[in-house]
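K.L.:
How does the following fold in three dimensions:
(3 chains)
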Amino acid sequence: MKKNESYEEFIKGVWRDNPVFAQVLGMCPMLAVTNSAINAVAMGMATLFVLVGSSFLVSSFRNWIPKQVRISCFIIIIATFVTIADYTLLALVPKVHKELGAFIPLIVANCLILGRQEAFASRYPTRLAVMDAIGMAVGFLVALLSLGIVREILGDGALFGVKLFSENFEPWVIMILPPGGFLTLGVILLFFNWFKFKKDEFLEEVAEAERSGN
Amino acid sequence: MENLLWIFVSAVLVNNFVLTYFLGLCPFLGVSNSLETSFRLGLATTFVMLVTAICAWILNTYILIHAPYLRLICFIVVIASTVQFIEMLIKKLSPALFRAMGIFLPLITTNCAILGLAIFATNRGYGFWEGIIYALGAGVGFTLAMVLLAGLREESELSSIPRLIQGTAMNLIIAGILSMAFMGFAGLFSST
Amino acid sequence: MTDVTNKQTPAPGSMRLVLTLAIAGLISGIAIIGIYESTLPTITANKARELREAVFKVLPGVTQMQALVYRDGELVTVDAPDKDEPVVYGGYDDAREFVGYAMPAAGPGFQDTIAILYGYKPEEKQVVGMEVLESRETPGLGDKIYKDAVWVAGFSALSVEPEIVAVKKGTKSNPNEIDAITGATISSKAVVRIINEAHTAWSGKLPPPDAEPPLRETEPANTEAGQ
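P.N.:
Numbering: from 1, shown residues only, chains lettered A, B, ... in the order given. You can find the predicted model right below:
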């Protein structure tokens, strides 16, 4: 039963409560770093590190942090993890760090992370908080990847740097430029909404059928 | 020292903070349903940006040289304090305005545009005046983008929109078209 | 947990609040300093290696370099330039002979600022190499300033007398001319303009040929550090 609980927390972040598609959080870094798949992965991993680390600490210390200063404490914790991630990336993969640029420190302003601390990590035990964090971060990574893959394939004709099409493919350059980010996310949200409506309709029909059947 | 005019115009039009750098999207997508609120929020944000730019320059020049790794935390603390200060100021000067702005004032703290402004200005090595002009440009650009989207949204309120596209999806697509339009400003300063 | 009976747990005193923040700040500070110190050697080595690679690229034949700044009316060698001081790099070959300068320069391009490094030989008054360090030009068009290898190679023997001129593609006829890139006119002309402006700014400060500062005898820390 315990195992199911943890799993529930994890899986809800990936699809049902996906931070980007369902909750519309964490927009800023999303659009900026998804002009290629590898950048999307790097940002997703960095956010995973920060989110899990922060949730772990916040949840472990939740009984010691007074309510009045909790936001400040959350921000201090988050900023510390982001700084650690920033320097680690700069030391290990300087090329990737250059591509992501100023958006690594901007993870601090990612409403997703602060939101999770406030809504979940500060109220639930450590194990659940960590699973929730991992789930949300994976959901975020999935969202980033879907955007990054679409934009890179259409805008560059490549995936993870590997050219997919022949020389004759004229890349849709606008996709790796800022408008492409907005449009791609808009269209993906469109599909997400469509899927949700279809599901709601289906559930409605099932409920109708049950009601009239009895 | 970069040409001040280039810095300003670049921040407002050519490299607009919202439409080119994707900063400040949370309020951009969330608050832009009312033209008036958008404008006010834009003004408040511009003010916070100006204060932040000045403080960032002071920090960078005198303190952070010895401890560059504390930059992020210091910036965040400055931004949070400034927003708190503005809140108190507005509450005292105009309670009506304070009530009207409601939750959006504290939300300025998580506006990535302000933190982004501080980080960009630091990375580009802007001096005191360049930082101020840059903050002014960023604020004006942000307000401009918000006001444009708010205007479009208010106009479209009375039209019938397909259910699927309502909400954030539509705002994003409008933002995409706005971004494309702003791309036209590139090359504004090129000398042949 | 509601606010109805908020007298159940007494509100923590200000001392407790301040203490919590102070402890959080302290732990955070220690963690950050720790990561900074442990990654500093790697980061410095990376930066030095990147710079070295760029300098060697724009000055063919160079194997050693040092930083030079303009102080008190002459060009002197420095270990670490001041933060805002303009710096050029002297390139020297295996025989410790001066080869040329690697000059960083930057300026507005089509979209945003372009930062380059170009190699300059004062004796021949020629640009001998150009490397784009930073650019945000339009992908597929403006980014040809570093992706078009043929165009970049055009900087390998470019005279700066009286100044470099970008001409319409195919009409290059003089040693100080270089073809502009079709579809990226503004970006390519920007690069030319950046070099011209940097050259004007430095030409009064460079010593006459054969009077360049010699390679310092000190053991350069960055060629030995790391790998």
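K.L.:
Show me the strands in chain C, by range?
P.N.:
With strands called from DSSP state E, chain C shows them at C:64-71, C:74-78, C:87-92, C:98-108, C:113-121, C:126-134, C:158-159, C:165-167, C:177-179.
K.L.:
So what touches the third one?
P.N.:
In other words, strand C:87-92. Strand C:87-92 is contacted from outside by C:51, C:55-56, C:59, C:62-69, C:75, C:77-78, C:81, C:98-104, C:119, C:202, C:212-213, C:215, using Cβ atoms under 8 Å, 6 or more residues apart in numbering or on different chains. Yep, even glycine has a C-beta here, placed from its N, CA and C like the rest.
K.L.:
And for the second one?
P.N.:
Contacts made with strand C:74-78 from outside it, assessed by Cβ under 8 Å, 6+ apart, are listed as C:66-70, C:87-88, C:90, C:205-207, C:212-213, C:216.
K.L.:
switch to 7 Å and redo it
P.N.:
C:66-69, C:205-207, C:213, C:216 (Cβ atoms under 7 Å, 6 or more residues apart in numbering or on different chains).
K.L.:
Most neighbours of all those, which one?
P.N.:
C:Leu68 (23 neighbours; other Cβ atoms under 10 Å in any protein chain shown).
K.L.:
so that residue makes contact with C:Pro213?
P.N.:
Yes: counting by Cβ atoms under 7 Å, C:Leu68 touches C:Pro213, with 6.1 Å between them.
K.L.:
now B:Tyr62: how far from A:Ile84?
P.N.:
Look at B:Tyr62 and A:Ile84: by Cβ to Cβ, to the nearest Å, they are 25 Å apart.
K.L.:
Compare these two and say which one has the larger neighbour count.
P.N.:
Counting neighbours by other Cβ under 10 Å for B:Tyr62 and for A:Ile84 shows that A:Ile84 has the greater number, 21 against 9.
K.L.:
Leaving out the residues flanking it, which one is nearest to the more buried one?
P.N.:
C:Ile35 (4.7 Å; Cβ to Cβ, 6 or more residues apart in numbering or on different chains).
K.L.:
Next, the contact list for B:Leu72, please.
P.N.:
Neighbouring residues of B:Leu72 by Cβ under 7 Å, 6+ apart: A:79, A:82-83, A:105, A:108.
K.L.:
Try it again at 10 Å.
P.N.:
By Cβ atoms under 10 Å, 6 or more residues apart in numbering or on different chains, the residues touching B:Leu72 are A:78-80, A:82-83, A:86, A:104-108, B:115, B:118-119, C:32.
K.L.:
what are the phi and psi values for it?
P.N.:
phi -60, psi -50 (degrees, to the nearest 10).
K.L.:
Whichever strand or helix holds A:Lys199 packs against which elements?
P.N.:
Taking DSSP states H and E as the definition, A:Lys199 sits inside helix A:178-213. For helix A:178-213, the helices and strands in contact under the criterion 3 or more Cβ pairs under 10 Å, 6 or more residues apart in numbering or on different chains; DSSP states H and E are helix A:27-33, helix A:126-156, helix B:168-183.
K.L.:
The helix or strand following the longest one close to chain C?
P.N.:
Toward the C-terminus, helix A:126-156 is succeeded by strand A:158-159 as the next helix or strand (DSSP H and E). No: with Cβ under 10 Å from any Cβ of the partner chain as the threshold, strand A:158-159 lies outside contact range of chain C, at a closest distance of 11.7 Å.
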